[in-house]
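# turn this into a model:
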Amino acid sequence: MKAPRFLIVRFSAIGDIILSAPVIHAIREHYGPESRIDFVTLKRFAGAADLLTCLNSIHLVDKTTSEVVPTLKALEFDYLIDLHGNVRSRSLSKALNILTFTVNKQTIQRFALVLGLRKKPVQHFVERSLNVLQPFGIPAPSNPWGTLKSNPNTAHALPKAFITIAPGAAHIGKVIPESTLLTICHEFVSQNIHVAIVGGPDSIAIATKLIASNPKNAITSFCGIATLQETAAIIENAQLVIGGDTGAMHLASALNTPLISIWGCTRPSLGLSPWRPHRATITLLPQHRGSRPCSRHGSKCRFTRRGQDLCIQHVSPARIIDAATQILNAEQLHK
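Sure, this is the predicted structure:
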């Protein structure tokens, strides 16, 4: 019997593409090397897709899915696993005329959480993604995350012991405030803890300020320099990762690195919290802002409309430092 050929679709963003890994590993573990598994994403997120293992090929879309349709048709896939569930992915499914299984986005339930009409958290995105495989009788993978690709090219520039901070985010409600970063970095450096800053070009400015505000060589920035595979190696070798609701958070979980996840205008109840993270992981929610998310993606804060500050301002530096101390002490005991 011919091994099935799967096409998995997730166009964006970095964290969501990383969260596709358990589905890929489940299919590969169930069907073995004979099955073909390809992945489709946007060209600007090629770096995230390059983290994924167990794939035969990655197909990149620049502007429209019509760019990849001829190649995909020639490969004669049996099934499309749609982990995006948007107009673009439905258009691709229609163009390929292929049997498609789509993740339940729970859009209504997530909107209800934002509006305060629902309190029960939605099922995690990874669990919903794995549910898509139920018609095939594919169980969850024995190693939930499998492996991700990493490149240690830049990690060698760091000391043996260091922590990693990912300050940036695509939406303002997820960005760790500058004042918070200055305070926690000063504290870590005063304890002779080296700090590695990771992120894209949008984090270069804050990384430069953090470096300038601390003793020479106490902080190393890889912002706008390291590839995602290089960033993965840095995170994998860190004693601890501190970041918001971003791709770095999911990368730390996938690589089993202790994590402090800092939440602002989004909340874990939206189904995108760290999945199967390291045992020492700590989640910090904004104080006195409740469990209700302000928005699905972190672009809006209901409190700013009342003239108040962003939710993420209510995760104090002291709480982050205390959590870091707790994790580092616990990990020292496990050595």
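# quick check: residue 147 touching residue 29?
No - if you go by C-beta atoms under 8 Å, residue 147 and residue 29 don't touch, sitting 11.9 Å apart. Glycine gets a C-beta too; all of them are placed from N, C-alpha and C.
# which other residues reach the helix or strand that residue 331 is a member of?
Assessed by DSSP states H and E, residue 331 sits inside helix 317-334. Around helix 317-334, the neighbours that count as contacts under C-beta atoms under 8 Å, 6 or more residues apart in numbering are 163, 179-180, 183-184, 187-188, 193, 239-240, 242, 258, 260, 262, 280, 282, 284, 287.
# for ChimeraX, what selects the buried ones among those?
In ChimeraX syntax, the buried subset of the contacts of helix 317-334 is picked out as below (16 or more other C-beta atoms under 10 Å):
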select :163,180,183,184,187,188,193,239,240,242,258,260,262,280,282,284
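# count the residues that sit near the spatially closest residue to residue 173 that is not a sequence neighbour.
Distances taken as C-beta to C-beta, 6 or more residues apart in numbering put residue 265 closest to residue 173, at 2.9 Å, once the chain neighbours are dropped. Counted with other C-beta atoms under 10 Å, the neighbours of residue 265 add up to 28.
# residue 110 belongs to a strand?
No - assigned with DSSP: H, G, I helix; E, B strand; the rest coil, residue 110 falls outside any strand and is helix.
# would you list the phi and psi of residue 61?
phi -110, psi 130 (degrees, to the nearest 10).
# could you report the neighbour count for it?
Neighbour tally, residue 61, other C-beta under 10 Å: 20.
# report the beta-bridge partners for it.
residue 42 (DSSP bridges).
# my guess is it contacts residue 43, does it?
Yes - taking contacts as C-beta under 8 Å, residue 61 lies within contact range of residue 43: 6.4 Å.
# ends of stretch 98-109, what's the gap?
Using C-alpha to C-alpha, to the nearest Å, one end of stretch 98-109 lies 28 Å from the other.
# isn't residue 161 right up against residue 196?
No - the criterion here is C-beta under 8 Å, and residue 161 misses it with residue 196 at 11.0 Å.
# what about those two, which has more around it?
Neighbours were counted for residue 161 and for residue 196 using other C-beta under 10 Å; residue 196 has more, 26 against 12.
# show me which positions of stretch 55-74 end up buried.
55, 59, 61, 65, 68, 69, 72.
# can you check stretch 79-94 too?
So for stretch 79-94, counting by 16+ other C-beta under 10 Å, buried means 79, 80, 81, 82, 83, 84, 85, 88, 89, 90, 92, 93.
# give the contact list for residue 236.
150, 255, 257.
# now the last one, what's its secondary structure?
Judged by three-state DSSP, the three-state class of residue 257 is coil.
# could you pull out the strands for the stretch 151-300 of the chain?
Assigned by DSSP state E, counting those that start in this stretch, the stretch 151-300 of the chain shows strands spanning 162-166, 194-197, 219-221, 240-243, 259-262, 282-284.
# can I get those in CSV with distance to residue 143?
CSV is the format used below for the strands of the stretch 151-300 of the chain (distance: least, C-beta to C-beta, whole Å):
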stretch, distance to residue 143
strand 162-166, 23
strand 194-197, 27
strand 219-221, 31
strand 240-243, 20
strand 259-262, 19
strand 282-284, 23
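# want to throw the ones you listed into TSV with distance to residue 275 and mean pLDDT?
Formatted as TSV, those follow (distance: least, C-beta to C-beta, whole Å; pLDDT from 0 to 100):
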stretch	distance to residue 275	mean pLDDT
strand 162-166	17	98
strand 194-197	23	98
strand 219-221	28	97
strand 240-243	15	98
strand 259-262	11	98
strand 282-284	12	98
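# between the ones you listed, which gets nearest to residue 6?
strand 259-262 (30.3 Å; C-beta to C-beta).
# tell me the strands beside the closest one, with direction?
strand 240-243 (parallel), strand 282-284 (parallel).
# on that earlier part again, filter the buried residues of stretch 55-74 down to the ones in strands?
Among the buried residues of stretch 55-74, the ones falling in strands (DSSP state E) are 59, 61.
# what's the neighbour count on the residue lying closest to residue 18 once chain neighbours are set aside?
Nearest non-adjacent residue to residue 18, counting by C-beta to C-beta, 6+ apart: residue 250, 4.5 Å away. When neighbours are counted by other C-beta under 10 Å, residue 250 registers 29.
# any idea how far residue 310 is from residue 208?
Remark: distance between residue 208 and residue 310 (C-beta to C-beta, to the nearest Å) = 23 Å.
# the two: which is more packed in?
residue 310 (21 against 14).
# per-residue confidence at that one?
Looking at residue 310, its pLDDT is 97.
# ok, the spatially closest residue to residue 35 that is not a sequence neighbour - contacts?
Residue nearest to residue 35 in three dimensions, not counting chain neighbours: residue 3, with 4.2 Å by C-beta to C-beta, 6+ apart. Residues counted as contacts of residue 3 (C-beta under 8 Å, 6+ apart) are 31, 32, 34, 35, 36.
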